[in-house]
Every structure is written in structure tokens, then in C-alpha cells.
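[1] here is a sequence with its predicted model. Questions after.
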Amino acid sequence: MSAASPRIGIIGTGAIGGFYGLMLARAGFDVHFLLRSEYEAVSERGLQVNSAVHGPLALARPQIYRDPSLMPACDWLLVGAKSTSNEALAPTIARLAAADCKVVVLQNGLGVEDVLRASLPENVHLLGGLCAICAHRSAPGVVEHQALGGVNLGYHSGPAGGDAQAQLALLNEMVEMFRQAGVDSSPMPSLALARWMKLVWNVPFNGLSALLEAGTEALLGNDDSRAEIKAIMHEVCAAAQALGCSLPEDFPGKLLMGTSRMPDYLPSMYHDRLQNRPMELEAIYAVPLAAAAEVGIQMPRTQTLYHLLRFLEQRAAD
Ligand SMILES: NC(=O)C1=CN([C@@H]2O[C@H](COP(=O)(O)OP(=O)(O)OC[C@H]3O[C@@H](n4cnc5c(N)ncnc54)[C@H](OP(=O)(O)O)[C@@H]3O)[C@@H](O)[C@H]2O)C=CC1
Ligand SMILES: CC(C)(CO)C(=O)C(=O)O
């Protein structure tokens, strides 16, 4: 990689940050990782991805930091922390952004960029990245990559304003870096559409996996849970359509088919519940419910799921 290679910072090195950061670093990009609880383990043993797609991958000596004030300012910042950390991380992200930095929020849910925007200087571009991947952490510094891996990118806000060509040029810079790193990536003309398309999967599967303590195979293998998933998917599609996001024909059918071809998978919310970490209830449930309500759409099944998950979270906190 040349001296002009952009500097990339990974904010939150978990399953997503660890996987994409490692892929970019292996391709020769200048990648700097911010860690918290797993810093010691990674400084001793490096980063490891056990990938069912690419085979075993490792970075023996990644450039890692525990203290963000020691990390250099970056041209690209990929946010791999959960959306529940955004408020706390916003000042760090703003400090680590070089002039004209591109911040890419690699998170599920809706409204996640809005939480960061207010803290970022006007010259910073804000992008969203929707990762279609099955990955989780199995030990400190170790990521299991079960399947898939592509990232769809959309422009949120910043100096490109509403200039579609300027937005696309920026998205393509990241798309190109991902592709060089062996990661499928595409620019999306609408970030809102990309986020709602992803919600059609995450709203039923993330919540039900955490609530019922079940993976995709069990959830699809049971007639009742399968019917519930399908009904929730249709509810999310109706909300998306009402908000002007036009989804592909029979999108739930296509997602169910795709999921049945995946290995048995436990979504990130399942792991959050298991580890007693906050679940992404705001971004995956509360914000979409509020957006739908604003255009007069009620989502009773999604609302019920949200309430049950809130019950679980409150009980865990008591
Ligand atoms: N896993 C998956 O397959 C997929 C996940 N997603 C989405 O990607 C996002 C990330 O998920 P995932 O990678 O699974 O989450 P993980 O919990 O595996 O990783 C989050 C990481 O962020 C770190 N972090 C949080 N706060 C800080 C902080 N203040 N300073 C430094 N590090 C911090 C955590 O560190 P610590 O361990 O110390 O808490 C952890 O390493 C979520 O929005 C999720 O919904 C999307 C598609 C698939
Ligand atoms: C939906 C899935 C499994 C792949 O598209 C994913 O990316 C997620 O868990 O959020």
C-alpha cells in the first residue's frame, strides 16, 4: 500500500469491527483498532477470525489502542460498536476524525447515524453500512465467521449534501477498498431503504432469538414461530412502504428462503442477552416503531416483541 493509503480506524473491535478491520489490514490498508475489554488478549495473541468462507485468518500484531487519545486521526472511521454505545462514543469519534473524514456506521437499526451527527464537525461525511454477515465473538480477540460477509453502503449527511454524484463517488471509495480486501460491497442510492431492508430481517429474528433462546434453524423449523416471523416481516415491509421505501416483490419470501440456506445462526441480540449486555432495542425497535407511527402505521406484532424484550432487559437489570 502506498504512503498515500488512507488511515482507517475501527471504533469497537468486536465481531464486525474485528472481521472487517482484519480483512482490510490483510489487504495492506493502514488499519488502527480501538479496543476495550479485549485489549490485553489482542496485544498478547493478536486478532483471529475463524472463517467458514475464507479459512483461518489472523493478524499477529495489529495496531491496537485502549486509550483513544493515543490513536491517530483517521481518514475513515468504521464504527463496529453496538448502537447502544453511540452516545458515549460520539466525542471519541469526533476527536479521531481527520479533516474530511468519512465515518461509516456498521450497525443494524434505524436512526443510528442521527445520534452521532450532532457531535461531528460539518466537514465530516457520515455513511451507513449494512453488513450481511453471520459472525460472533467466541473468545477475546477471536471472531467466528459462519457465512456471508457483504456490506451495502449509503450516504447519510455531510459535505456532499444532496449531490447524488458526489455521494456515489464517496461510497465507491469505500466499496473499492472493501472489494480489494475480498469483501463484497455495493453502494445504495438510499440509506433509508438499505436500513429498512435490513430491518425486515432483524426485527423478527434478532428479537425472537433473544426471547425464545433459539437460532434460525429452530425458529424456521417450527410452524408457529415461522408464521410469526413472516407476519412480522410483512408488518415491517408495510411500514417501509408507507415511508417511501419500495421493497422488492415478495421480500419476506426471499429473506426466508435465504435464511433457510444459511447455517444455523444466533443473531447478535441473542449473544447480547446471553452475555447480559444491553440489547439494541432502541435502534431495531423503538425508532422504527416511532417512524411508522408518524406516518399513521401501527406495528402491533413488533410492538409486542419490543415490550417483551424490554421486560427481559429490565428484569436482567434488577
Ligand atoms: N455480528 C453480526 O453477525 C452482525 C452484527 N451486525 C451489527 O453490527 C454491530 C456490531 O455488532 P457486533 O460486532 O456483533 O458486536 P460485538 O458486541 O461483537 O462488538 C462490539 C464491540 O464494540 C466494543 N466497544 C463498545 N464500546 C466501546 C468503547 N467505548 N470503546 C471501545 N470499544 C467499545 C466492544 O468492546 P467490549 O467487549 O469491551 O464491550 C466490542 O468489542 C451491531 O449494530 C449489530 O447489530 C450486523 C450484521 C451482522
Ligand atoms: C441478517 C443477517 C444474518 C445476514 O443478512 C445479518 O447480517 C444480521 O444478523 O444482522
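    Looks like it came in fine. Numbering: from 1, shown residues only. Ligands and ions are numbered 1, 2, ... in the order given.

[2] so which residues make contact with stretch 15-30?
    1, 5-8, 10-11, 13, 31, 33, 47, 49, 51, 57-59, 62-63, 78-81, 106, 131, 133, 135-137, 141, 143, 145, 149, 151, 177-178, 180-183, 268 (CB atoms under 8 Å, 6 or more residues apart in numbering). Bear in mind the C-beta positions are built from the backbone N, C-alpha and C, glycine included.

[3] tell me which of those fall in strands.
    7-8, 10-11, 31, 33, 47, 49, 51, 57-59, 63, 78-79, 131, 133, 135-137, 143, 145, 149, 151 (DSSP state E).

[4] which among those end up buried?
    The neighbour-count test (16 or more other CB atoms under 10 Å) applied to the ones in strands among the contacts of stretch 15-30 identifies 7-8, 10-11, 31, 33, 47, 49, 51, 57, 59, 63, 78-79, 131, 133, 135-137, 143, 145, 149, 151 as buried.

[5] excluding residues flanking it in the chain, which one is nearest the residue positioned nearest the centre of the chain?
    By CA atoms, centre = their mean, the chain has its centre lying nearest to Q107, at 2.3 Å. Among residues not flanking Q107 along the chain, S83 sits closest, at 4.7 Å (CB to CB, 6 or more residues apart in numbering).

[6] now do D75
    P6 (4.0 Å).

[7] wait, that neighbour sits on L77?
    No. P6 lies out of contact with L77 (CB atoms under 8 Å); the separation is 10.8 Å.

[8] counting neighbours, go ahead and name the busier of the two.
    Counted by other CB atoms under 10 Å, P6 and L77 do not tie: L77 has more neighbours, with 30 against 17.

[9] residue contacts, S260?
    S260 neighbours (CB under 8 Å, 6+ apart): L220.

[10] in a helix, it, correct?
    Yes. Secondary structure assignment places S260 in a helix (DSSP: H, G, I helix; E, B strand; the rest coil).
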